[in-house]
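1. just need the structure, nothing else, for what follows:
(one chain, ligands or ions: 1)
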Amino acid sequence: MVEKSLSICVVGGTGAEGSGLALRWAQAGHKVTIGSRDVSKAQSVAGELNAILGKDLVVGVDSKAGSSSADIVVLTVPFKAQLSTVELLRDELAGKILIDVTVPLVPPKVSQVQLPDHGSCVVGVQQKLGSKTRVVSAFQNVSAHKLKDLKVEIDCDVLVAADDPEARATGISLAKDASLRGIDVGPLANSVVAESMTSVLIGINRKYKVPDAGIRITGVGVA
Ligand SMILES: NC(=O)c1ccc[n+]([C@@H]2O[C@H](COP(=O)([O-])OP(=O)(O)OC[C@H]3O[C@@H](n4cnc5c(N)ncnc54)[C@H](OP(=O)(O)O)[C@@H]3O)[C@@H](O)[C@H]2O)c1
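-> The predicted model follows:
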C-alpha cells in the first residue's frame with residue numbers, strides 16, 4: 001500500500017489505458033475516480049474495475065466534478081480530444097498536477113511518428129494551461145491491456161518528463177504505485193521521445209507479431 005493516499009481523477013478513464021492505470025492505483029491504495037463526459041459510462045467502468053479488485057474502491061464521475069475534487073488529474077483521451085478536454089477543465093486543473101498520457105497518433109498511419117508542428121503534444125497542453133497547472137508527461141509507452149492484468153509484471157519503463165521537479169517526482173512515484181519503473185527524463189520538452197516512441201512500438205508489434213513491445217532504460221539500476 002502507498003504511504004500517502006492521493007485522490008486521482010483519470011479523465012478518459014473509461015478507455016483502455018486510463019482504466020488500466022486507475023485499476024493499479026486503486027489497488028495500491030489511492031482514491032481513484034474515473035472521469036467521463038457521461039457519468040453512467042464512468043460508473044459502469046468503475047463497476048468493472050471494482051469487480052476485478054473485489055472491493056468498491058473506484059467511483060465513476062463527471063470529468064469536471066472529478067477533476068475539481070482530485071489532488072492529481074490524469075488525462076487519457078485520444079490526441080484529437082486532448083486540447084479541447086484540457087480547455088474544458090482549465091479552471092478545475094488550476095493549482096494541480098496534470099499527468100498527460102496522450103500520444104499524438106494520427107490515424108490511419110499510427111505506426112509513423114507524426115508529432116505536431118510545435119513538437120511535443122504535451123508541451124502544447126502546458127502552454128494552453130499556463131503556469132497554474134504543472135503538467136507531467138508519462139505512461140505513453142505502456143500498453144493498456146497489460147495494465148488490466150494485475151498479476152502481470154509489465155516489461156516496460158515509464159519516461160517521466162516535467163518542467164517542475166516536484167511534479168516530475170510525483171509522476172515517478174505514481175509509476176511505482178502502478179508497479180512500473182519511472183525514469184526521470186528531465187524537462188517537458190523531452191516528452192517528444194516518449195510520444196514518438198509509441199508509434200515505433202506499434203510498428204514493432206506489427207512487424208514482429210507481438211502484442212506489446214515496450215522500452216527499458218539500461219544502466220540505471222533499480223530506480
Ligand atoms: N491504448 C493503449 O494501449 C495506449 C498506450 C499508451 C498510451 N495511450 C494513449 O492514451 C490515450 C488514451 O488511450 P485509449 O486507448 O484509452 O483511448 P480511447 O479508449 O480511444 O479513449 C479514452 C476515452 O477518451 C474519451 N474520448 C474519446 N473520444 C473523445 C472525444 N472526441 N472528446 C472527448 N473525449 C473523448 C472517452 O471517454 P468518455 O466517453 O468516457 O468521456 C474514451 O473512453 C491516447 O492518447 C492513447 O494514444 C494508449
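2. packing partners of the top helix by length along the chain?
-> Selection of the longest helix in the chain by residue count, based on DSSP state H, yields helix 191-208. Helices and strands touching helix 191-208, by 3 or more C-beta pairs under 8 Å, 6 or more residues apart in numbering; DSSP states H and E, are helix 121-129, strand 134-137, strand 157-162. Any C-beta I mention is one placed from the backbone N, CA and C, and that applies to glycine too.
3. between the ones you listed, which one is closest to the ligand.
-> helix 121-129 (8.7 Å; C-beta to the nearest ligand atom).
4. output the contacting helices and strands for that closest one.
-> Right, helix 121-129 is packed against helix 79-88, helix 90-93, strand 97-100, strand 134-137, helix 191-208 by 3+ C-beta pairs under 8 Å, 6+ apart.
5. how does it look with 7 Å?
-> In this structure, helix 121-129 packs against helix 79-88, strand 134-137, helix 191-208, with contacts taken as 3 or more C-beta pairs under 7 Å, 6 or more residues apart in numbering; DSSP states H and E.
6. now that helix: buried residues?
-> 121-126, 129 (16 or more other C-beta atoms under 10 Å).
7. starting at the chain centroid, how far to that helix?
-> 15 Å (C-alpha atoms, centre = their mean, to the nearest Å).
8. ditto for stretch 3-21
-> Between the mean C-alpha location of stretch 3-21 and the chain-wide mean there is a distance of 8 Å, by C-alpha atoms, centre = their mean.
9. who touches it?
-> If you take C-beta atoms under 7 Å, 6 or more residues apart in numbering as the criterion, stretch 3-21 is touched by 22, 25, 29-36, 41-42, 45, 49, 63, 66-67, 69-77, 85, 89, 101, 139, 144-145, 147-148, 178.
10. mind giving me the ChimeraX select for these, buried ones only?
-> A single ChimeraX command selects the buried members of the contacts of stretch 3-21 (16+ other C-beta under 10 Å):
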select :22,25,30,31,32,33,34,35,36,42,45,49,63,66,67,70,72,73,74,75,76,77,85,89,101,139,144,147,148,178
